[in-house]
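# Give me the fold of what follows.
(2 chains)
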Amino acid sequence: MTDTAGSEGRRLDRAAARGLLGRAMRGDAWTVGLVAIFVALLVFTKLLRPAYGLDALAIASLPVAFAAVGQAIVVISGGIDLSIGSVIALTNVISALLLMNAPELSLPIVLLVLLIGLGIGLVNGVLVVISRVPDIVVTLAMLFVWAGAALLVLGSPGGGSVDWLRELITGTLGVEVLPRALIVLLVVVGVVWIPLRRSRLGLSIYAIGSDQLAAFRSGVNVARTKIVAYGLAGFFASLGGLSLTASTGIGTPIPGPYLLLSVAAIVLGGVSLAGGRGGMLGPIVGIYILGLIRADLGFLRVEPAFSTVVQGVIMVAVVMVGAYLTLRRRTA
Amino acid sequence: MTADATPVRPGSLGIFRGWMRDRPLVPLFILLGALVLLLEVIQPGIVGPSFVSSTMRFAVPLAILAACQTMTMLTGGIDLSVAVVASMTSYVMATFVSDVGWLGASLIALVPAALVGLANGIGVGWFRVHPLIMTISMSLIVSGAVNVYARANIAGGTRVPPEITWLGGQTLFGFLPNSLLVFVPLAALVLVGLRRFGYGRLLYAVGDNETAARLAGVRVGNVLVVLYLLSAILAGIAGLIYAGVIGSATGRLVDPYLLPSVAAAVIGGTSIFGGRGGYAGSIVGALILTVLVTLLTVLAAPEAVRQILFGAIILAVAAAYTRITEES
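Numbers count the residues shown, from 1 in each chain, chains lettered A, B, ... in the order given. You can find the predicted model right below:
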């Protein structure tokens, strides 16, 4: 209840704010800035190592890009999905196991895994709604459950993949600036997210994230919208799991650092953790920026451990600047 | 806090719920007792002095980490860097022991922990970064820095001194873990501090309504800086004790304790949105989780099943507890 009063005050302040910095934080300017950073980093990388292709970046970033998109949807709806890394691991091992045993049925298997991902997400959403326990706690508990399930499916790295999955995301589409992995990402996100965002459901997702009570009073079915948001996150996580199967050729039951990276990317990408604000372009650019930084640090022969420190410092610096700008805007 | 004022619904169930609501520790103790009973049924004879002693020994570091989560959650925050800070402290201590002795090494090891806490606090308190983001980023930095340090220190080696092993791993009169010598005063300080000290009340005030606290003259930023500093120092102490429990120290020693520390505070009834809860519940929560781990070990379930059950039970307990104690 106190939130309502707080956000109302904030909105008034926002209307009053006219600072240049304040405006830079709003909407598209942030994404434009991200793209500029990305291009600068890309030029730097090309100078460092002319042979570095965009396709390598796009393939390495594909699973985590899907994770970021899923996470962004949940965060926009006002929640957070801490189990996303485990769901990626689970769908990764399920697809690898099935594809090894029945490679001739690869297309149905892929569709089945997508359905499983959607189902897992829906389970998360239903549990959040019916347990009335905060999202963080529910998805934290489910993180254990799905990670355990992944171990149950495949005790150690193994399984297999099929060639067409790999070919789908490797290489480029003629010119170098069009890596297949990027095309796959953009097509999937475009097909799922853009129509959704324009629909009533998409608007509801933003509405419940922005102000749940107001959304409820305006006739939005909060519970259903929340469940759908988690379902979509599960769906995109399963895409992440499938792209992991495609790029590595095996299934690995131990979750990678996808949770951390997905949260980092959405924060970089200008999605407010408070919910209700942000888009998909920002997080995706954010993922590629983080990927380029990691690649650059590798080319500069920075040892991996130190490279983690640098990535963390960059993240802290970015969020501090972002938070500082928001603060300026609020008090301006 | 506000629970006292809500009218009790008529009917025996309503009275029961109202009674539970005023005494949120009762259902927790019932659950703890039930788990111990279940353990005894599954494996008769297991519950004895050595069981109690080992449960306490493992619960102490978890309970200290849960104190970090309880206090930060009371302000509506969370500290996800506690586990890596604890690991770092235990490791740094173990590398310095040969040069400066156990006390000196422990104090030196708490310095980087305090610096991490200060950084968290400045980010959350002054720059208003979301606590989740700030502490996750800091744990990235810390775990990387520990690896860099470990790489540079390969020749130095690590050693957990006998004093730390005594503190973490051994018992008084063959029953009471020595770590209680640290934990009891610490827990008393947190318990009394949250209830009686001005600073403790400020944490509730900030978590309950930050705007109101600010208007009442509370310097919220500074309160948070001190809070995250305290949290990191507590985490460091937990790391030192855990190194004693295990008898060795690596750069990732305490990392698996992150999620249980949050779970202990949540099971203990502290609201993740701030303003409601207390440390007593978190201590019982830490005990419950420790007994639960023992139970799952005794069942000889494979790691996968253990993880699934662990997650499912945490969720079930949190949901049941929310229903029992929430204001209707």
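
# how far away is the spatially closest residue to A:Arg166 that is not a sequence neighbour from A:Phe66?
If you skip the residues right next to it in sequence, A:Arg166 has A:Ala246 as its closest partner in space, 5.3 Å away by C-beta to C-beta, 6 or more residues apart in numbering or on different chains. Glycine gets a C-beta too; all of them are placed from N, C-alpha and C. With distances taken as C-beta to C-beta, to the nearest Å, A:Ala246 is found 12 Å from A:Phe66.

# Equivalent analysis for A:Phe306, please.
For A:Phe306, the distance to A:Phe66 equals 28 Å [C-beta to C-beta].

# Name the residue in those two with the higher neighbour count.
Counting neighbours by other C-beta atoms under 10 Å in any protein chain shown for A:Phe306 and for A:Phe66 shows that A:Phe66 has the greater number, 31 against 15.

# Let me see the contact set for that one.
Contacts for A:Phe66 (C-beta atoms under 8 Å, 6 or more residues apart in numbering or on different chains) come out as A:88, A:185, A:188, A:236-237, A:239-240, A:243.

# Let's verify it: helix, strand, or coil?
helix (DSSP: H, G, I helix; E, B strand; the rest coil).

# ok, now A:Ala229?
Quick answer, by three-state DSSP: A:Ala229 is helix.

# give me every residue that touches it.
By C-beta under 8 Å, 6+ apart, the residues touching A:Ala229 are A:73-74, A:76-77, A:79, A:125, A:205.

# let's see it at 10 Å
The neighbours of A:Ala229, taking C-beta atoms under 10 Å, 6 or more residues apart in numbering or on different chains as the test, are A:70, A:73-79, A:81, A:121, A:124-125, A:128, A:201-202, A:204-205, A:208-209.

# If you count neighbours, what's buried in stretch B:184-204?
Within stretch B:184-204, the residues that qualify as buried are B:186-187, B:190-191, B:193-194, B:200, B:202-204, counting by 16 or more other C-beta atoms under 10 Å in any protein chain shown.

# same check, this time on stretch A:265-280
Taking 16+ other C-beta under 10 Å as the neighbour-count basis, stretch A:265-280 is seen to contain the buried residues A:265-273, A:275-280.

# repeat for stretch A:239-259
Within stretch A:239-259, the residues scored as buried using 16+ other C-beta under 10 Å are A:239-253, A:255-256, A:258-259.

# Same check on stretch A:316-332?
Under the neighbour-count criterion of 16+ other C-beta under 10 Å, stretch A:316-332 has A:316, A:318-320, A:322-326, A:329 buried.

# Next one: B:Gly244 from chain A, what distance?
Summarising the geometry, the distance separating B:Gly244 from chain A, computed by C-beta to the nearest C-beta, to the nearest Å, is 26 Å.

# Tally up the residues packed near that residue, please.
Burial measure for B:Gly244: 29 neighbouring residues, criterion other C-beta under 10 Å.

# so who does it touch?
Applying C-beta under 10 Å, 6+ apart, one finds that B:Gly244 lies in contact with B:57, B:60-61, B:90, B:102, B:160-170, B:177-179.

# from memory A:Ile266 sits against A:Gln71, does it?
Yes - between A:Ile266 and A:Gln71 there is a contact under C-beta atoms under 10 Å: 5.5 Å.

# center of chain A - which residue?
Residue closest to the average C-alpha location in chain A (C-alpha atoms, centre = their mean): A:Ala68, at 0.6 Å.

# Is stretch B:128-139 positioned near chain A?
Yes - with C-beta under 10 Å from any C-beta of the partner chain as the threshold, stretch B:128-139 lies in contact with chain A, specifically through B:128-134, B:136-139.

# With pLDDT and neighbour count added, can I get those in TSV?
Rendered in TSV, the data for these read as follows (pLDDT from 0 to 100; neighbours: other C-beta atoms under 10 Å in any protein chain shown):
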residue	pLDDT	neighbour count
B:Arg128	86	19
B:Val129	86	27
B:His130	85	19
B:Pro131	90	26
B:Leu132	85	19
B:Ile133	83	24
B:Met134	89	30
B:Ile136	84	22
B:Ser137	86	30
B:Met138	91	26
B:Ser139	88	25
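
# What separation do you get for A:Ser86 and A:Asp163?
Computed with C-beta to C-beta, the distance linking A:Ser86 and A:Asp163 is 28 Å.

# Give me the more crowded residue out of those two.
Ranked by neighbour count (other C-beta under 10 Å), A:Ser86 and A:Asp163 place A:Ser86 first, with 29 against 11.

# which residues does that one contact?
Applying C-beta under 10 Å, 6+ apart, one finds that A:Ser86 lies in contact with A:120, A:139, A:142-150, A:237, A:253-255, A:258-259, B:307, B:311.

# out of these, which are buried?
Under a neighbour-count criterion of 16+ other C-beta under 10 Å, the subset of the contacts of A:Ser86 counted as buried comprises A:120, A:139, A:142-150, A:237, A:253, A:255, A:258-259, B:307, B:311.

# Which members of the residues of stretch B:128-139 next to chain A are the farthest-apart pair?
Among the residues of stretch B:128-139 next to chain A, the pair separated by the greatest distance (C-beta to C-beta) is B:Arg128 and B:Ser139, at 19.5 Å.

# How far does stretch B:201-210 sit from its chain's centre?
Mean C-alpha position of stretch B:201-210 versus that of the full chain (C-alpha atoms, centre = their mean, to the nearest Å) differs by 20 Å.

# and it, average pLDDT?
Averaged across stretch B:201-210, pLDDT comes to 90.

# Can you pull out the residues in contact with it?
Stretch B:201-210 has contacts (C-beta under 10 Å, 6+ apart) with A:1-2, A:5-6, B:1-2, B:70-77, B:193-195, B:197-198, B:212-216, B:218-220, B:222-224, B:226-227, B:270-271, B:273-278.

# What residues does residue 112 make contact with?
I went with chain A, as the question did not name one. With contact set as C-beta under 10 Å, 6+ apart, A:Leu112 has these partners: A:94-95, A:98, A:105, A:238.

# Hmm, no, I was thinking of chain B.
With contact set as C-beta under 10 Å, 6+ apart, B:Pro112 has these partners: B:85, B:88-89, B:92, B:142, B:145-146, B:149, B:232, B:236.

# Which ones among those residues also lie next to chain A?
Cross-checking the contacts of B:Pro112 against chain A (C-beta under 10 Å from any C-beta) gives B:142, B:145-146, B:149 as the overlapping residues.

# if we can go back for a sec, out of the buried residues of stretch A:316-332, name the ones that lie in helices.
A:316, A:318-320, A:322-326, A:329 (DSSP state H).

# Make JSON lines from those residues and add distance to chain B and pLDDT to it.
Below are these laid out as JSON lines (distance: C-beta to the nearest C-beta, whole Å; pLDDT from 0 to 100):
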{"residue": "A:Val316", "distance to chain B": "5", "pLDDT": "84"}
{"residue": "A:Val318", "distance to chain B": "9", "pLDDT": "78"}
{"residue": "A:Val319", "distance to chain B": "5", "pLDDT": "78"}
{"residue": "A:Met320", "distance to chain B": "5", "pLDDT": "82"}
{"residue": "A:Gly322", "distance to chain B": "8", "pLDDT": "75"}
{"residue": "A:Ala323", "distance to chain B": "5", "pLDDT": "76"}
{"residue": "A:Tyr324", "distance to chain B": "6", "pLDDT": "78"}
{"residue": "A:Leu325", "distance to chain B": "10", "pLDDT": "74"}
{"residue": "A:Thr326", "distance to chain B": "7", "pLDDT": "69"}
{"residue": "A:Arg329", "distance to chain B": "12", "pLDDT": "64"}
